[in-house]
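> How does the following fold in three dimensions:
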Amino acid sequence: MWGALKKSIYLTSEKLKTLLSLKSTIALCTSSNAKHDPLHYHHRLVCHSCYLECPPMGLETLKIDDFQLHASTTKRYGLGAHRGRLNIQAGLYDDDLYDGAWCAGRDDPLQWFEVDARRLTKFTGVITQGRSSLWSSDWVTSYKVMVSNDSHTWITLKNGSEDLIFSANREKEIPVRNIFPVPVVARYIRVNPRSWFNSGNICMRVEILGCPMPDPNNYYHRRNEVITTDDLDFRHHSYKEMRQLMKVVNEMCPNITRIYNIGKSHSGLKLYAIEISDNPGEHELGEPEFRYTAGSHGNEVLGRELLLLLMQFMCLEYLSGNQRIRHLVDETRIHLLPSVNPDGYEKAFEVGSELSGWSLGRWSNDGIDIHHNFPDLNSILWEAEAKKWVPRKMFNHHVPIPEWYQSKNASVAVETRALAAWMEKIPFVLGGNLQGGELVVTFPYDKTRSQGVIREQTPSPDDHVFRWLAFSYASTHRLMTDANRRACHTEDFAKEDGTINGASWHTAAGSMNDFSYLHTNCFELSMYVGCDKFPHESELPEEWENNRESLLVFMEQVHRGIKGVVRDLQGRGIANAIISVEGINHDIRTAADGDYWRLLNPGEYRVTARAEGYSLISRKCEVGYEMGATRCDFTIIRTNLSRIKEIMEKFNKQPIRMPIRHLQARRGKMKNKHML
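Now for the predicted structure:
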């Protein structure tokens, strides 16, 4: 259904015919080339009429494993061939284990970096970077390319009768792509540096562009192959295409979807969200609100595409009668905001998946990191705790935003302000923000309690709940908890079950996660969904398979814990009633209709409900292991003092308020009278 619809929208019939014709031509060219001896380079040329650039082979995404990478020499293990991957990041300091490139042991023209494709592959180009380092400046300025079928006999790519010399990098971070004049088919490919930065050494990060040749008997290909059966729109979408896709989903499922925007970006692009619910547009009593956001860093685009795929998937599955999806939609109000920073995304999208580097488009148009642009409420709360103001002068939750942050002159992105207003407006219970560049789920706190400490375990009062929530995503992801998987950069999070306390990774004040937890009722986590921030379009089906189950399982966790309504004797819901759980120093509040949701792990809890002007009430609430929140309602009664005030205000009479000195004088007279 979706496949036919998307083609009618995005492709005219003429374009579709052209595309199908081109695919047929490519197949003919490829099959004819396969008959020739692969060592004879001139026989391996593919005609220009059928030449399409191949996708990345997967050095950055780790599809190419460490055993497929070789080098002539190595400066040390931490700069070995296994580190020569495009966009790989080094640690804070240059060390022996996790440095940011392959670096040759000697600086001479005899050095090479080699990739074993393990099967005949049509190579079409090479992308290079210099070394990732805060302290060293190393990059290659030109190189040759050689290919082989047996790793012994090598053919150098030619420009006529001369060896072809490719211009490489002018600095260490911006990727440089060189496309071969004509593709070449072989199993092995080598990059042979010919010149390098005169104040540095031979160091490279590399990606190879290549299409595997048909070979159904190839063991390695079959072992790593991941195929999706979901008929979805697997491609990168510009802002306009994203908006159009959301509209199509809304038109396909008008009864369960609604499109709205929460504000605008710095350049005026609307921040579109889609709501998925059985009654879109309204909050239903007792139904929890869930959100996914993505793209706060504009160049981390996988999360954005995953949310676009998720909304398509949920619409189609709901229509097809999938009971799991129907239950989720009928019992939850789901909000998906795929692009928090559309300005940054457009910058990265314009350059493309392999050439945007590690940081282009990360920040908002005015240079702000949106994800870490929220007020630092941690310091405010911890200072109040140190002064013993909690709970006498200050609550342990709903920490107010400081005045300075709300001023027009504060360095706050308009996108951040829009997010904060959205988070205050809707009573979200659980949220996940999708990030990129790693494979891990992080949870609050994101800021270390000790000042000046870069890494420190800093648990929140709900640490046990956050750990479960994080594990629910990581454990159902295809790769996050795989002990055999390679670390993306410098941290092996698989050893920690694919989860980590944010502050024990690196401290960050003013994160969206901490703000959400301390200022609202919502428990927020960050999902780093892939090593490659901007995977090639061809990788999207596999990345969807990697994350699909995790995305659904995490949404279902919004129904874990207790829920209920706090009412008065007349049955009216009481807004802003405080729900406390004994032993957990973090309270939540009821929504406008008096309903609440409190995420908890299985167990028995003593829960207290209180509100201004009402007597508090406590009861035991038990949370089971089965999915579905335990109902735990409260009926609270007005205090005598509040009822007196209410009666007096009703009849426009004010309570008698005597000055303290008059009260003291009156008490003195009464005391003397009794003595007489």
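> report the longest strand in the chain, please.
Scanning the chain for the strand with the most residues, using DSSP state E, yields strand 176-196.
> which other helices and strands contact that strand?
Applying 3 or more C-beta pairs under 8 Å, 6 or more residues apart in numbering; DSSP states H and E, one finds that strand 176-196 contacts strand 113-129, strand 140-148, strand 166-167, strand 203-212. (Glycine included, C-beta is placed from N, CA and C.)
> Tell me which of those strands sits most buried.
For the helices and strands packed on strand 176-196, the largest average neighbour count (mean count of other C-beta atoms under 10 Å) is found in strand 203-212, namely a mean of 25.
> next one: phi and psi at residue 270?
Dihedral angles of residue 270 (phi, psi; degrees, to the nearest 10) stand at phi -70, psi 140.
> Give the buried residues for stretch 475-482.
Of the residues in stretch 475-482, 475, 476, 477, 478, 479, 480, 481 count as buried by neighbour count, 16 or more other C-beta atoms under 10 Å.
> Not counting sequence-adjacent ones, nearest residue to residue 98?
residue 490 (3.9 Å; C-beta to C-beta, 6 or more residues apart in numbering).
> before we move on, what about residue 528?
In space, and not counting its chain neighbours, residue 528 is closest to residue 438: 3.7 Å by C-beta to C-beta, 6+ apart.
> cool, residue 205 as well?
Nearest to residue 205 is residue 129, by C-beta to C-beta, 6+ apart, at 4.0 Å.
> Residue 259 belongs to a strand?
Yes. Assessed by DSSP: H, G, I helix; E, B strand; the rest coil, residue 259 belongs to a strand.
> For residue 350, see how far away it is.
According to C-beta to C-beta, to the nearest Å, residue 259 and residue 350 sit 25 Å apart.
> which one of those two has more residues nearby?
A count of neighbours by other C-beta atoms under 10 Å puts residue 259 above the other of residue 259 and residue 350, at 16 against 12.
> bridging residues for that one?
residue 274 (DSSP bridges).
> from memory it sits against residue 253, does it?
No. Using C-beta atoms under 8 Å, residue 259 is not in contact with residue 253; the gap is 11.3 Å.
> Domain ranges for the protein, per the record?
66-212, 239-389+428-559, 562-651 (the TED database).
> Same list (those) but as TSV, adding mean pLDDT and distance to residue 404.
Listed next are the domains of the chain as TSV, based on pLDDT from 0 to 100; distance: least, C-beta to C-beta, whole Å:
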stretch	mean pLDDT	distance to residue 404
domain 66-212	96	31
domain 239-389+428-559	96	9
domain 562-651	92	25
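> Can you name the residues bridging to the residue nearest to residue 113 when sequence neighbours are not counted?
Spatially, and ignoring its direct neighbours in sequence, residue 113 is nearest to residue 191 (4.8 Å; C-beta to C-beta, 6+ apart). On the basis of DSSP bridges, residue 191 is bridged to residue 113, residue 145.
> What residues does residue 191 make contact with?
Going by C-beta atoms under 8 Å, 6 or more residues apart in numbering, residue 191 touches 112, 113, 114, 126, 128, 143, 144, 145, 204, 206.
> which residues in the stretch 201-350 of the chain form helices?
Counting by DSSP state H, counting those that start in this stretch, the stretch 201-350 of the chain has helices at residues 219-224, 239-252, 302-319, 323-331, 342-351.
> Could you say which helix or strand holds residue 649?
Here residue 649 sits within helix 640-650, counting by DSSP states H and E.
> Which strands or helices does that helix pack on?
Going by 3+ C-beta pairs under 8 Å, 6+ apart, helix 640-650 lies up against no helix or strand.
> Restricting to C-alpha, output that helix in CSV.
Below are the C-alpha coordinates for helix 640-650, written out as CSV (Å, rounded to 0.1, in the frame of the first residue of the first chain):
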residue,chain,number,x,y,z
ASN,A,640,-11.2,22.9,58.2
LEU,A,641,-9.2,26.0,57.7
SER,A,642,-9.5,25.9,53.9
ARG,A,643,-13.3,25.3,54.2
ILE,A,644,-13.6,28.4,56.4
LYS,A,645,-11.7,30.5,54.0
GLU,A,646,-13.8,29.2,51.1
ILE,A,647,-17.0,30.1,52.9
MET,A,648,-15.8,33.5,53.8
GLU,A,649,-14.6,34.2,50.3
LYS,A,650,-18.0,33.0,48.9
